[in-house]
Each structure stands twice: as structure tokens, then as C-alpha cells.
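**Q** Need coordinates for the following:
(4 chains, ligands or ions: 2)
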There are 2 protein chains.
Amino acid sequence: MNFTKTTSYSLHVLAYMARHENKIMSASYLHRQLDIPYSYLRSVLLDLSRKGLIMGVKGRNGGFCLGREKKDIYLSEIVNATEGIDVLNKCIMGYEKCPFDNVCIFHSAWTRMRDEILDILENTTLADHLNSTDISKSNINQ
Amino acid sequence: MNFTKTTSYSLHVLAYMARHENKIMSASYLHRQLDIPYSYLRSVLLDLSRKGLIMGVKGRNGGFCLGREKKDIYLSEIVNATEGIDVLNKCIMGYEKCPFDNVCIFHSAWTRMRDEILDILENTTLADHLNSTDISKSNINQ
DNA sequence: TTAAATTGCTATGCCTGGGTAGCAATTATG
DNA sequence: CATAATTGCTACCCAGGCATAGCAATTTAA
Ligand code: FES
Ligand code: FES
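**A** Ligands and ions are numbered 1, 2, ... in the order given. As a prediction, the model looks like this:
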């Protein structure tokens, strides 16, 4: 009923990196700053790195930084890299051909919200995001 | 990002039963009518039965019928019996204190939709549902 | 009486999201 | 050089949603 934790973690990490640009941050540092389980954070970072959203720097004093400028990273790409943006194209009720003739009782509320979220994801970059919200100190679910 | 299949199955079964009230329907009959995998349908029905939403009748020609009058079964009870209605109280981004001060970028779209869905769930009975939608022949996801 | 159809119940399996752990390779520091 | 800190990578574990299969008990039909 909401984004996966992996997506949430990724958005947090990338937003944090955007806020402190040009700084190389290690997994252990990010772990301390964002309260994301270390081992899992490692695998999330590896994944984001493989997908080009961040760039890994090996060796002592190594770490990660944004793979592109923050004004060129759209939130939709992040969601796509984790759970895939298709989650938003599914009918809330599990129907196959939802958006068309097959209208359930939740249909209107669901599609309206879906369109709004999609619009936000596709038109907000990390740079925009910095100006609109403040998620520096996380209180993410455990 | 949407209701579980179990919830969807349950809503379908109960809506179908409401439409044909006072008729005892076996699992295999419902399976044929609603295209829900037989074995899984069995366990869903057992669960709904244990929770009192439907009533099981044993023996040949046995089956299930609504546990209460259709005007006394609210959709929220059904969702509660399957995945729990709490899914709707979480921040879409994984924040802890969503509805209060901690506002993420999706907050407005998310809470608006959430309130609408909750309102529908808590104020719609199976009887109301019959008058508003038609989900008799399902094309549910496999 | 025997067989068929049914629910009640339990055990099992698969897949995915979330999470842990460890090892090799790389780089900086003492 | 030796050690510490780091990423890259892989293997593994666990829980829950989804699904299958089978057995016992009950009831009806032939
Ligand atoms: S038919 Fe898909 S949300 Fe209603
Ligand atoms: S703070 Fe995220 S949806 Fe409310």
C-alpha cells in the first residue's frame, strides 16, 4: 500500500547526497546519518551504483557520490531503479484492465492519487526536492 | 502499492454472495464463477469463516453464505479481516509520524487519497456496494 | 450401505522484500 | 610494509503473501 522500504531508503540516501553535493560518503557514514541498517544499506548502495544513480569510489576514504548532477536526477528514475514505476499502473483491486471500463468503488480516488504521484515523480528532480522538503534527520520506520 | 490479492479475492467473494443472498455456495462453485485458484480460495474461505464474515455448512450440498445481513457488513471489516486497515495509516515514504508535522513530498496527494479510501471503506456496506458497482464477472490477475 | 461432495484443518512449497555476513580487491595511513 | 577502511560481490536467512495437496469429519445422493 506504499513504496517499498528499499525505495524509501534510496530516496533518502540520494536526497541526502544532493544536499551535501561533491562530498564522498561511505556506507558507514550514511548508516550513522540516516539510520538505515548497515548491511542492507550496503546492498542498496551497490544496486544504485550498478544502475548509475550513484558512483562508488573504492579504497580507504572511498565512498559514494551522485552519479549525475542533482538537477538531472528525477524521482521517477529512483523509483524505477528500485521497485519499478509500474506499481502505479496497477489497479488497486487487482483487476487486469482497471483504468478502462472496469470501474470499482475505489477507482476514482485511486486513479486521481496515482496521477498526482506520477506527476510529482516525473517532474521533480533531486534539486527541486531540496527546495521543497526537509528530510535531513530521518525518523524512518525500522 | 495496492490491496493484497487476498483482500481482492475476499471482496469479490463477499460481493458475489451479497448479490445472490440466501444461496449456499460451495468453494468449487465460487471457483468456477470468480476464477480464483481453487486451493487458495479454500483457505481464504476458511479464514473468512473463522472470522465470522461467512458461515460454513458442512456435508454434501454444503457451502458458504454470508455470516450477517449484507447491510451489516462494512468493507472496512473485510479489509481488516485480511491485511488489516492499518496499511492506510502509514506514510507512503516510510516516515514514522506522517500525518503530523513530518511532511514528505507525496504527503498531500497521499493523504487525500487515503482519506477518500478510508471514508469509502468505513461507510460502505455490501448492500450499498451492490447498488454502486458491478463486479460479477471477474477478470482478476493471475 | 456405499460413494460423492463438501467443509475444517494442517503441512508444505515458492517467491520476493528485507536483512545479515563474509571474502576479495583496492586505496590511504601509520 | 602492514594495517585499516572502504567498495564489489556473493551466499545465505527469515517472514509473509500466494498457492497446492491431502486427510478427517460430515452430510446427501444413488
Ligand atoms: S477498477 Fe481498478 S482501481 Fe477500480
Ligand atoms: S509524511 Fe509522507 S505521506 Fe505523509
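**Q** ok, residues contacting the helix of greatest length in chain A?
**A** In chain A, assigned by DSSP state H, the helix with the most residues is helix A:107-123. The contact list for helix A:107-123 (CB atoms under 8 Å, 6 or more residues apart in numbering or on different chains) reads A:74-76, A:79, A:85, A:88-89, A:91-92, A:98-99, B:92, B:105-106, B:109-110, B:112-113, B:116-117, B:120. Where you see a C-beta, it was placed from the backbone N, CA and C, and this is true even at glycine.
**Q** Among those residues, which ones lie close to ligand 2?
**A** Within the set of those, contact with ligand 2 (CB under 6 Å from any ligand atom) is found for B:Ile92, B:Phe106, B:Trp110.
**Q** tell me which of those residues is nearest to chain A?
**A** Nearest to chain A among these: B:Ile92, at 4.3 Å, using CB to the nearest CB.
**Q** Pretty sure the closest one sits against A:Thr7.
**A** No - B:Ile92 sits out of contact with A:Thr7 when judged by CB atoms under 8 Å, with a separation of 9.7 Å.
**Q** residues near the residue in chain A that ligand 2 sits nearest to, how many?
**A** Going by CB to the nearest ligand atom, ligand 2 is nearest to A:Asn2 of chain A, at 8.0 Å. The local packing of A:Asn2 (other CB atoms under 10 Å in any protein chain shown) involves 19 other residues.
**Q** Tell me where the model's unsure across chain A.
**A** Applying pLDDT under 70 to chain A flags residues A:1, A:95-103, A:131-142.
**Q** just the helices in it please.
**A** Taking DSSP H as the criterion, chain A carries its helices at A:5-19, A:27-34, A:38-50, A:75-82, A:107-123, A:126-132.
**Q** ok, now which ones touch the residue of chain A found nearest DNA strand D?
**A** Nearest residue of chain A to DNA strand D (CB to the nearest atom of the strand) works out as A:Gly56 at 2.3 Å. Residues near A:Gly56 by CB under 8 Å, 6+ apart: A:Leu45, A:Leu46, A:Ser49, A:Gly62, A:Gly63, A:Phe64.
**Q** Now stretch A:5-19: buried residues?
**A** Under the neighbour-count criterion of 16 or more other CB atoms under 10 Å in any protein chain shown, stretch A:5-19 has A:5-18 buried.
**Q** What distance do you get for the residue of chain A closest to ligand 2 to B:Val79?
**A** 15 Å (CB to CB, to the nearest Å).
**Q** go on, A:Leu45?
**A** According to CB to CB, A:Leu45 stands 36 Å off from B:Val79.
**Q** quick revisit: so which of the buried residues of stretch A:5-19 comes closest to ligand 1?
**A** A:Thr7 (21.2 Å).
**Q** mind listing what the closest one touches?
**A** A:Ile78, A:Val79, A:Thr82, A:Glu83.
**Q** Chain neighbours aside, what residue packs nearest to it?
**A** Spatial nearest neighbour of A:Thr7, chain neighbours left out: A:Thr82 (4.3 Å); criterion: CB to CB, 6 or more residues apart in numbering or on different chains.
**Q** Is it correct that that neighbour is in contact with A:Ser10?
**A** Yes - checked against CB under 8 Å, the pair A:Thr82 and A:Ser10 is within contact range at 5.2 Å.
**Q** Reformat the ones next to ligand 2 among the contacts of helix A:107-123 as a markdown table; add distance to DNA strand C and neighbour count.
**A** Shown next, in a markdown table, are these (distance: CB to the nearest atom of the strand, whole Å; neighbours: other CB atoms under 10 Å in any protein chain shown):
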| residue | distance to DNA strand C | neighbour count |
| --- | --- | --- |
| B:Ile92 | 12 | 23 |
| B:Phe106 | 16 | 24 |
| B:Trp110 | 17 | 21 |
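**Q** Can you report how many residues lie near the closest residue to DNA strand C within chain A?
**A** Residue nearest to DNA strand C within chain A (CB to the nearest atom of the strand): A:Gly59, separated by 2.1 Å. Look at A:Gly59: counted by other CB under 10 Å, it has 6 neighbours.
**Q** re the thing from before, test my guess that the residue of chain A closest to ligand 2 contacts B:Asp86.
**A** No - between A:Asn2 and B:Asp86 there is no contact under CB under 8 Å: 11.4 Å.
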